[in-house]
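Visitor: return a 3D structure for these sequence lines:
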Amino acid sequence: MNASTPVFEEAIANIGAAVMGRNMFGPIGGGAWGDEQWTGWWGDNPPYHYPVFVVTHHPRKPVEMDGGTTFHFVTDGIESALDQAKKAADGKDVMLWGGGQVAQQYLAAGLLDELELHVVPVLLGGGSRLLDSLGDADVRLEQVRAVEAPGVTHLKYRILPGTPS
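Guide: Model (predicted):
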């Protein structure tokens, strides 16, 4: 156990459902889902163990996995994915797992209460800049905590109401 353990235990303690972008689910870019054999990065038993709603432009039937995870593919926008996840969560928290582009959409739309970042000093050479492409959104963050652990810093922010126009 190190300083990361309580951070992750708190983050996952009350999750009833999750949302993620298509690229977080899998590397299949472009058009359709290919032969639909891809079921995510995680093998037969993903770490979620609750319903996960994947925001995508490409329809696909739900994928049921071991451990209680079912991936549902939502083609009618981030609001719909969030509404479906809230219903499935039945009063528990809804976690947005990412990736960067879908997180930007939720931030810009004012649909997040908190933002938790886990910063690791690894240069991957690509990816999405989380706080870019927010359009005219007035996103204000208040730091809740910063926890340094071996190889990572955990940052948690509360999303504050934007400045009225």
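
Visitor: what segments of the chain are helices?
Guide: With DSSP state H applied, the chain shows helices at 4-12, 22-25, 78-89, 100-108, listed in chain order.

Visitor: touching the first one from outside, list them.
Guide: When you say that, I think you mean helix 4-12. The contact list for helix 4-12, computed with Cβ atoms under 8 Å, 6 or more residues apart in numbering, reads 95, 116, 147, 149-150, 152, 154. All C-beta spots, glycine's among them, are computed from the backbone N, C-alpha and C.

Visitor: any chance of those residues in CSV, with pLDDT too?
Guide: Formatted as CSV, the entries for those read as follows, by pLDDT from 0 to 100:
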residue, pLDDT
Met95, 96
Glu116, 94
Val147, 97
Ala149, 95
Pro150, 94
Val152, 95
His154, 96
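
Visitor: excluding chain neighbours, what is closest to the residue nearest the centre of the chain?
Guide: The centre of the chain sits closest to Trp97, judged by Cα atoms, centre = their mean, with a distance of 1.9 Å. In space, and not counting its chain neighbours, Trp97 is closest to Met20: 4.3 Å by Cβ to Cβ, 6 or more residues apart in numbering.

Visitor: bridging residues for that neighbour?
Guide: According to DSSP bridges, the residues that bridge with Met20 are Val54, Gly98.

Visitor: by mean pLDDT, flag the weakest helix or strand of the protein.
Guide: None of the helices or strands of the chain scores lower by mean pLDDT, DSSP states H and E than helix 22-25, at a mean of 86.

Visitor: residues making contact with that one?
Guide: Counting contacts by Cβ under 8 Å, 6+ apart, the residues touching helix 22-25 from outside are 28-29, 40, 54-58, 71, 97-99, 101-102.
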